[in-house]
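Enquirer: sequence first, then the predicted structure, then my questions.
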Amino acid sequence: MSGTVADLPRIRGYHAHIYYDPQTRGRAERLRAAIGERFSARLGSWHDEPVGPHPVAMYQVAFAGEELSSLVPWLMLNRDGLNILVHPLTDDSVADHTRFAAWLGSPLQLRIEVLRRDPR
């Protein structure tokens, strides 16, 4: 490990970004409904066009740390071939989407240049 050690109290929650395309939107809809039924998570808007650092269509699932140990393993087993980015929410959006991120499926090339870096 290089650089400074990050502390857990910096994490204010988590996001999972569920990526889809026109052919996989039905799977994304089913996954979204199942997440909503099973977990205490906030389901974000559908983005059928790239938005922010995300190069393809996606929706966001925001959740608290208490859900991490159940939601992420459930996504591992139920993602139905969809690519998912899971990351913490800290003060550094760039690190959140890169160094601190975990991918389920194939990683996508994010547009990191649009994110805010930690000023420290």
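Expert: Now that the structure is in, tell me what you want to look at.

Enquirer: the lowest-mean-pLDDT helix or strand in the chain: how far from the chain's middle?
Expert: Lowest by mean pLDDT, DSSP states H and E among the helices and strands of the chain is helix 93-97, with a mean of 94. From the chain centre to the centre of helix 93-97 is a distance of 11 Å (C-alpha atoms, centre = their mean, to the nearest Å).

Enquirer: would you indicate which residues of it are buried?
Expert: 93-97 (16 or more other C-beta atoms under 10 Å). C-betas here are computed from N, CA, C, even on glycine.

Enquirer: what does stretch 26-37 give?
Expert: 28, 31-32, 35.

Enquirer: and the pLDDT for the closest residue in space to residue 63 that isn't next to it in sequence?
Expert: With C-beta to C-beta, 6 or more residues apart in numbering as the criterion, residue 63 has its nearest non-adjacent residue at 4.1 Å, and that residue is residue 41. Looking at residue 41, its pLDDT reads 97.
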